[in-house]
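# quick one, fold the following:
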Amino acid sequence: MRQTNGLYPVLLRHFGRLPLKVRHVLVGWTSPAYRIGTVAIIRDGPDRILLARHSYRSGWGLPGGMIGWREEPEETIVREIDEEIGLTVRVVGSALVRHRLKPRRVEFYYELWLDGCDADDAYPRSPEIEEVSWFDASDLPALERGDSKTISALEAVLGRSLVSPG
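Now for the predicted structure:
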């Protein structure tokens, strides 16, 4: 509900007169902090998906990474997959955005297809990744995050319902 009288409009007018950098600092102090990450749904056919076992989590999961300074999410996911798994990929379609309250994070899920490389070229290239493997979407292993956000993103990309893995 919008307040049109009282102290609030006066404070907003004074706030608007502050230098932009000061306003950004004040908003930062009073707003929740979020991390922004990217998550890859890499496919090499209609039903095969690449999963990774991360060194800092248990179970299988979708690869991805955090957005760097001055980097767009679409650039991040392509870079992360090259650095961590050694694949050249291309983004297909628009990102699916999911919000997590715990931990406070916004995630961009991207559907990726191989671009000039083979499925067999996937291998761990980073200490963050212990193992990678291709799985049929109808027979996924227990996921490190067998939660509604990851499942709904997979279902949206695949265009069908999944039995909740894990």
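# spatially speaking, which residue is in the middle of this structure?
Centroid check for the chain by C-alpha atoms, centre = their mean gives residue 38 as the closest residue, at 2.7 Å.
# could you point out which element follows the longest strand seen in the chain?
Secondary structure of the chain read by DSSP state E shows that its longest strand is strand 89-100. The element immediately downstream of strand 89-100 (helix or strand, assigned by DSSP states H and E) is strand 105-114.
# next, the buried residues of that next one.
Within strand 105-114, the residues that count as buried by 16 or more other C-beta atoms under 10 Å are 107-112, 114. Placement of C-beta: from N, CA and C, glycine included.
# kindly report the same for stretch 129-141.
Those would be 129, 132, 137, 140, for stretch 129-141 by 16+ other C-beta under 10 Å.
# ok, back up a step: ok, the residue nearest to the centre of the chain - contacts?
By C-beta atoms under 8 Å, 6 or more residues apart in numbering, the contact set of residue 38 is 64-67, 73, 76-77, 80, 107-110.
# repeat that for residue 26.
15, 18.
# quick one: the helix or strand containing it to chain centroid distance?
Using DSSP H and E, residue 26 sits within helix 20-30. Centroid displacement of helix 20-30 relative to its chain, using C-alpha atoms, centre = their mean, to the nearest Å, is 26 Å.
# can you give me the angle the helix or strand just after it makes with strand 105-114?
Using DSSP H and E, the helix or strand that follows helix 20-30 in sequence is strand 35-43. With axes from the mean of the first three to the mean of the last three C-alpha atoms, to 10 degrees defining the directions, strand 35-43 sits at 30 degrees from strand 105-114.
# buried ones in the next helix or strand after strand 35-43, by neighbour count?
With elements assigned by DSSP H and E, the helix or strand that comes after strand 35-43 is strand 48-54. Residues 49-54 are the ones in strand 48-54 that count as buried (16+ other C-beta under 10 Å).
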